[in-house]
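Novice: output the structure for:
(one chain, ligands or ions: 1)
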Amino acid sequence: MYADFSAIKNGLAGARPSRNACSSVILEGGAPATPQVDIVLRLSHDTTMDQSLNFAAVIKAAGIPEQGAIWANTWPDSQPSFRLNELYFFQPRWMDEALAKLKMPETINTAFRQARPFFAQHPALQRLAWHCCHLLYQTRFDPAALKTWPPMPTTLGPDEAMFYAFICLAGLPHLERLHRQRGIDPAITYDTAADFALWMEHYHGQSGVWGLSNTILRWVYGYLSGALVKLGRLQYCPGKFPYDFHVYRRRRDPSVLMLAGDGMQFRPDGQFDGANQITAGAQCWTSRWSTTPTEVNGNSISHSGVAQPKIVTLPTAEWDEVLTQQSPILEVHIPATGPLTHEACIDSLRRSRAFFPVHYPEVNFCAFTCVSWLMDNQFDRYLPESSNILQFQRNFYLHPVPRANDKQTYERVFGRSYENIDDAPQTTSLQRILVAHVKAGGRWHSGGGFILREGAGAGVS
Ligand SMILES: CC(C)(COP(=O)(O)OP(=O)(O)OC[C@H]1O[C@@H](n2cnc3c(N)ncnc32)[C@H](O)[C@@H]1OP(=O)(O)O)[C@@H](O)C(=O)NCCC(=O)NCCS
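Specialist: This is a model prediction of the structure:
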């Protein structure tokens, strides 16, 4: 039982002493250290013998005795590679280097540095952290399973809220490897991964404690698994167009028209029936869509996102279908990293057109799409032409989305929902606009939009 000098040099002197045989530091991604590695740590612990680190004891110690049961079946898989006090992401030097690569704000660096000793003192949390990392970064993991990952209570102290933040930081080597294989510039890798700092700030804003919510893990795993990439101002994620809409482009000019699929229920305002849980009853109408060898007939959706009851006919000799349900797309996401200037968005969209064919050649996307509170087609009634939100929206051909509601609008603009709109903050012009609209009897709702990859959607070519 001893620690050599390099361990002390690397700030590990305070690590919990071992009781049994030697082992080497767990390297990034779980590979055991080779002799060439300069960190040779001989603090160790025969965890197979330690009953305090068996599954039931660990989830009880972590404060999640029932919710943690989701990890029971896979628990033995991460046991052989676990080394107490030797996990790379709890080593101060590794942590500082990772945070520096991500150019994290000092507040976030401090949050990690202050929480680290807490995890060093809690073998059960180290064991659980290793299990999570093993699943996320060493197995073929189904992100849908993240829905069941429980919130970490703060029964052991407020630092426990940092548990999932460490899990995310620990994913950096995995992402570096994935991006390296695709030849992606490391600057893009780090810019992409740094996003979880925003969610830590969000968590801090909501709870007053530094940490990361379990509910945001699925989003973060989107980029830690290499699916989502940030290019300048915007983020992109390959996907499939989920809606039963048909988009046509005229051959002789850049005209684009969206038709609704067959049998959809719309209200007279052109939104889906049931949007904001409001149904139009007998006033509601049903869309029709049909094709023959020579023409397509259907209800169009206007460029400003309003479903039209009148049927239009498109000759197939003139119009090509370019986007429909299940077509490959690039979802566009907007991180909360400051103003959404038109120039920054156009620059990002241009970069992505060049980036994906080179680094993700298998993603043969037809269009950029965005579903968001920012796509509410009522904004043009209120926001000035200079508004970034309005200019962003104008790049897209808008469309209604089923089950649209105002939940995200409230969350993103007021930080939470308000039963009494008079209680909502009114600091910015947008907040005042939102309140005025609601007081006038209106409802805000999310919406969708697309920009075709080739040629124009609405504004961007
Ligand atoms: C998207 C975003 C960057 C737009 O901000 P912007 O570039 O300032 O937008 P605009 O120029 O249109 O802003 C016009 C006004 O609305 C205000 N505003 C914009 N977004 C706001 C928000 N989320 N909350 C409160 N006010 C907001 C601006 O401060 C400005 O107010 P002012 O006239 O009093 O100065 C911003 O809303 C944001 O960071 N949102 C969080 C990320 C997000 O919602 N992503 C989409 C998730 S699907």
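
Novice: right, and L87 touches L128 too?
Specialist: No. Between L87 and L128 there is no contact under CB atoms under 8 Å: 11.0 Å. Just so you know, the C-beta spots here come from the backbone N, C-alpha and C atoms, and that holds for glycine as well.

Novice: got the buried residues for stretch 147-164?
Specialist: Residues of stretch 147-164 classed as buried: W149, P150, M152, T154, L156, D159, E160, A161, M162, F163, Y164 (neighbour count, 16 or more other CB atoms under 10 Å).

Novice: if you count contacts, what does the helix or strand containing the last one end up packed against?
Specialist: Mapping Y164 onto the secondary structure by DSSP states H and E places it in helix 163-169. Using 3 or more CB pairs under 8 Å, 6 or more residues apart in numbering; DSSP states H and E as the contact criterion, the secondary-structure elements in contact with helix 163-169 are helix 92-101, helix 106-120, helix 123-138, helix 196-207, helix 217-224.

Novice: residues contacting whichever helix or strand comes after it, please?
Specialist: Next along the chain after helix 163-169, taking DSSP H and E as the criterion, comes helix 172-181. Residues outside helix 172-181 that contact it (CB atoms under 8 Å, 6 or more residues apart in numbering) are 28-29, 88, 98, 101-102, 136-137, 186, 188-189, 192-193, 223-226.

Novice: show me which of those are buried.
Specialist: Buried among those (16+ other CB under 10 Å): 28, 88, 98, 101-102, 136-137, 188-189, 192-193, 223-226.

Novice: can you pick out the most distant pair from those?
Specialist: Y88 and I188 (23.0 Å; CB to CB).

Novice: just put the helices and strands packed on helix 163-169 in JSON lines and tack on mean pLDDT.
Specialist: Formatted as JSON lines, the helices and strands packed on helix 163-169 follow (pLDDT from 0 to 100):
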{"stretch": "helix 92-101", "mean pLDDT": "98"}
{"stretch": "helix 106-120", "mean pLDDT": "98"}
{"stretch": "helix 123-138", "mean pLDDT": "97"}
{"stretch": "helix 196-207", "mean pLDDT": "96"}
{"stretch": "helix 217-224", "mean pLDDT": "97"}
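
Novice: of the ones you listed, which is nearest the ligand?
Specialist: With respect to the ligand, and counting by CB to the nearest ligand atom, the nearest of the helices and strands packed on helix 163-169 is helix 196-207 at 8.6 Å.

Novice: what are the buried residues along the closest one?
Specialist: Going by neighbour count (16+ other CB under 10 Å), the buried part of helix 196-207 is F196, A197, W199, M200, E201, H202, Y203, H204.

Novice: can you pull out the low-pLDDT segments for the stretch 1-150 of the chain?
Specialist: Along the stretch 1-150 of the chain, the model assigns pLDDT under 70 to residues 1-51.

Novice: which one of the residues in it is closest to the ligand?
Specialist: P105 (16.0 Å).

Novice: just confirm G239 is within a strand.
Specialist: Yes. When DSSP: H, G, I helix; E, B strand; the rest coil is applied, G239 is found to be in a strand.

Novice: what helices or strands is the lengthiest strand in the chain leaning on?
Specialist: Longest strand of the chain, by residue count under DSSP state E: strand 307-315. Strand 307-315 is packed against strand 256-260, strand 295-301, with contacts defined by 3+ CB pairs under 8 Å, 6+ apart.

Novice: mind listing the strands it pairs with, and their directions?
Specialist: Using DSSP bridges, the strands paired with strand 307-315 are strand 295-301 (antiparallel).

Novice: hmm, who's touching the partner strand?
Specialist: So strand 295-301 is in contact with 245-246, 248, 257-260, 262, 266, 270, 287-291, 307-316, 319, 321, 398-400, going by CB under 8 Å, 6+ apart.

Novice: which bits of the stretch 251-400 of the chain sit near the ligand?
Specialist: I334, A336, P339, L340, S372, L374, L383, S387, N388, I389 (CB under 6 Å from any ligand atom).

Novice: any idea of the pLDDT on the first one?
Specialist: Right, the one you point to is I334. I334 is assigned 98 on the pLDDT scale.

Novice: does it touch G232 like I think?
Specialist: No. I334 is not in contact with G232 according to CB under 8 Å; the separation is 11.7 Å.

Novice: measure the nearest residue to D244 once chain neighbours are set aside to the ligand for me?
Specialist: With sequence-adjacent residues excluded and distances taken as CB to CB, 6 or more residues apart in numbering, D244 is closest to G261, at 3.1 Å. As judged by CB to the nearest ligand atom, to the nearest Å, G261 and the ligand stand 24 Å apart.

Novice: and G261, what is it in contact with?
Specialist: Each residue near G261 by CB under 8 Å, 6+ apart is listed here: Y243, D244, F245, H246, S287, W289, Q325.

Novice: swap in Q265?
Specialist: F272, D273, G274, C284, W285, T286, S287.

Novice: so L398, which state does it fall into?
Specialist: Quick answer, by three-state DSSP: L398 is strand.

Novice: what about it, distance to P117?
Specialist: Distance of L398 to P117, given as CB to CB, to the nearest Å: 51 Å.

Novice: thinking again about what came up before, which one among the contacts of Q265 gets closest to the ligand?
Specialist: Of the contacts of Q265, the one sitting nearest to the ligand (CB to the nearest ligand atom) turns out to be F272, at 18.5 Å.

Novice: isn't that closest one right up against R403?
Specialist: Yes. With contacts counted by CB under 8 Å, F272 reaches R403, the gap being 7.1 Å.

Novice: could you report the pLDDT at P254?
Specialist: 88.

Novice: how near is it to the ligand?
Specialist: 27 Å.

Novice: quick check: that residue is in a strand.
Specialist: No. Counting by three-state DSSP, P254 is not found in a strand; it is coil.

Novice: need phi/psi at it.
Specialist: phi -80, psi 20 (degrees, to the nearest 10).

Novice: fine by me, thanks again.
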